[in-house]
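>>> Starting from these lines, generate the structure:
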Amino acid sequence: MNDLLSLQTTYDSPSAFPPGHISPSPASQSIYLLGLSCGMDNCSCTVDACSDGGSEALASYNARPGSSGGSANGLGPNVPSGPSFFVALFDYEARTVEDLTFHKGDVLRVDDPMVLDSWWYAGLVTCLHGWIPANFVARLQSIEAEPPVKLLLAPVNDHGAFLIRESESKKNAYALSVRDGDQIRHYHIQPLENGCFTINKRQIFSNLYDLVQHHSHEGNGLKCLLHSPCLPVTFGLSYNTVDQWEVERTSLSLLRQLGAGQFGEVYEGLWNNTTPVAVKTLKSEFLAEAHIMKKFTHPNLIQLYAVCTLKEPIYIITELMVNGSLLHCLQSPDGKNLKMAHLINMAVQVASGMAYLEHQNYIHRDLAARNILVGENLTCKVADFGLARVIKDDEYIAREGGKFPVKWTAPEAANYNRFTIKSDVWSFGILLYEIVTYGKVPYAGMANSEVLMEVERGYRLSCPPACPRDFYSIMRDCWRRDEEKRPSFHHLEHRLEDLITDYSEPHDPE
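Below is the predicted model of the structure:
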């Protein structure tokens, strides 16, 4: 539990550090600690009690990459250059000889945090240096503004995951949100006049760290013990593959074929004998589009790591999603037992990935449950978001041979070949139907030609049994005839987030 809480402790001078330890420069008079100590051997620096009402003790449990308006590490766009000190939030094992292995609590010096958003060159106090994933360390500047329900229901979080943020309703107070199974419970952390904190007024704590420590072992008003913070996800295989596009074919081992589809075969593989990956075999005509995909970095888009292009077949290396497609997941025995909160959270993840593509002025053209991949803990990521764009028009609009996904395609795209982000929104509405029906085929019993004709006449899928009316209302908005009246993915993401709150317990009595 010593690593559960990130606390900012500001020292009056560099002399506050024990002899032999790196001290901050005059421009950087603070270091960020995990638990009771900074993690350096024989270090005596500790987190002080909050004597000023808590302004020196800010807690954060999320370093989510890809947040809008900030860098991939969640620090925002205004991180100053020059040497800075960071503390490791998680263990990281080097994947290449250029990377740096570190452990939770290690203090690292980063000379230029902005040299590359997702990978930084850092050094430990042991004088070892190497590349590190930026979102595995923290210099606490602000508390993430992501909705707590969305964060805690994210697939990487389990029972007992929690976060602390500044309260939106009470000045100088904090809010504690805890994942309890499929529900999120919220508690007010009240500051007292003497600078201490309390949740239920029966237990008083001198600082937030002590509060977290206590409630990790004793409930005392909390229905779920605090267990662990959010885990981040690295972007790219390593610093080199972020900066360089081509990798050696010999660095890949193909283990088994996962499937074959419209774009080629897909294999489970191993890169550099360290990292599981998916390897797609493609024709050279897809390479230009793959270059575009490489620049996109978002937690809900499949990461494109690198390519092998020196001879055919071309290999595209992506992250491996162990549970296959969302369609397969929904239709599986375990998938059929998913509760509404899980289903809505899946929809939120897809909407989040599509909102990113929307912001990039990019179109998917084949959005469906079969093109969403699922990883551990129900992580959902949009796949094939670049490949559909390069299909020749005459092939893509063909009505025969199953190459045209009529039942997922907006009428203006099906009838006039006009693909826009709003036609993707229509497809998203069909995907929502797939999610809430656990993978049923839309327009069951209707031929493609019949679907085209009936949709043009105004027919829309009816509300499925057990589908919440507000969820169906979102689906219907996606299917508006006037494409300009369909919501944006940004709007859809937030509407679905609000629904998650409705299907989780909002508050517990204090």
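
>>> Quick check: which ranges of the stretch 1-150 of the chain have low pLDDT?
1-83, 85, 87, 89, 105, 111-120, 123-127, 129, 131-150 (pLDDT under 70).

>>> show me where the stretch 151-300 of the chain has helices.
Here the stretch 151-300 of the chain has its helices, by DSSP state H, counting those that start in this stretch, at 208-215, 239-243, 287-294.

>>> which of the ones you listed has the lowest average pLDDT?
Mean pLDDT is lowest for helix 239-243 among the helices of the stretch 151-300 of the chain, at a mean of 44.

>>> In three-state terms, label residue 96 for me.
Counting by DSSP: H, G, I helix; E, B strand; the rest coil, the backbone at residue 96 sits in coil.

>>> Hmm, residue 271 and it touching each other?
No: between residue 96 and residue 271 there is no contact under Cβ atoms under 8 Å: 9.8 Å. Heads up, the C-betas are built off the backbone N, CA and C, glycines and all.

>>> element containing residue 455?
helix 448-456 (DSSP states H and E).

>>> Tell me the buried residues in that helix?
448, 451-452, 455 (16 or more other Cβ atoms under 10 Å).

>>> Could you do stretch 101-109 as well?
102, 104-109.

>>> do the same with stretch 456-469
Under 16+ other Cβ under 10 Å, the buried positions of stretch 456-469 are 461, 463-464, 467-468.

>>> repeat for stretch 485-494
486-490, 492-494.

>>> which one of the residues you listed is nearest residue 279?
If you rank the buried residues of stretch 485-494 by distance to residue 279 using Cβ to Cβ, residue 489 comes first, at 29.3 Å.

>>> That closest one against residue 429, yeah?
No: counting by Cβ under 8 Å, residue 489 does not reach residue 429; the two are 11.5 Å apart.

>>> ok, back up a step: now distance to residue 175, pLDDT and secondary structure too, for the buried residues of stretch 485-494, in JSON lines please.
As requested, the buried residues of stretch 485-494 are exported to JSON lines (distance: Cβ to Cβ, whole Å; pLDDT from 0 to 100; DSSP: H, G, I helix; E, B strand; the rest coil):
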{"residue": "486", "distance to residue 175": "34", "pLDDT": "98", "secondary structure": "coil"}
{"residue": "487", "distance to residue 175": "29", "pLDDT": "98", "secondary structure": "coil"}
{"residue": "488", "distance to residue 175": "28", "pLDDT": "97", "secondary structure": "coil"}
{"residue": "489", "distance to residue 175": "28", "pLDDT": "98", "secondary structure": "helix"}
{"residue": "490", "distance to residue 175": "24", "pLDDT": "96", "secondary structure": "helix"}
{"residue": "492", "distance to residue 175": "26", "pLDDT": "97", "secondary structure": "helix"}
{"residue": "493", "distance to residue 175": "22", "pLDDT": "94", "secondary structure": "helix"}
{"residue": "494", "distance to residue 175": "19", "pLDDT": "91", "secondary structure": "helix"}
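
>>> Max pairwise distance over these: which two?
486 and 494 (15.1 Å).

>>> quick one, what contacts the residue lying closest to residue 152 once chain neighbours are set aside?
Of all residues not flanking residue 152 in the chain, residue 179 sits nearest, at 4.3 Å (Cβ to Cβ, 6 or more residues apart in numbering). Contact partners of residue 179, counting by Cβ atoms under 8 Å, 6 or more residues apart in numbering, are 152-153, 157-162, 224.

>>> List the beta-bridge partners for residue 179.
Beta-bridge pairing of residue 179 under DSSP bridges involves residue 184.

>>> per-residue pLDDT, it?
For residue 179, pLDDT reads 83.

>>> same question, residue 406
So, for residue 406, pLDDT stands at 93.

>>> Who are the contact partners of it?
By Cβ under 8 Å, 6+ apart, the contact list for residue 406 reads 399, 414, 448, 451-452.

>>> ok, these vs residue 299, which is closest?
For these, the nearest to residue 299 is residue 414 (31.3 Å; Cβ to Cβ).

>>> Spell out which helix or strand contains the closest residue to residue 374 other than its chain neighbours, please.
Nearest residue to residue 374 in three dimensions, chain neighbours excluded: residue 323, at 4.1 Å (Cβ to Cβ, 6+ apart). Per DSSP H and E: residue 323 is located in neither a helix nor a strand.

>>> Could you report the distance from residue 323 to residue 333?
Residue 323 is 13 Å from residue 333, where distance means Cβ to Cβ, to the nearest Å.

>>> Just want to know which of these two has more residues nearby.
When neighbours are counted by other Cβ atoms under 10 Å, residue 323 comes out ahead of the other of residue 323 and residue 333, with 18 against 6.
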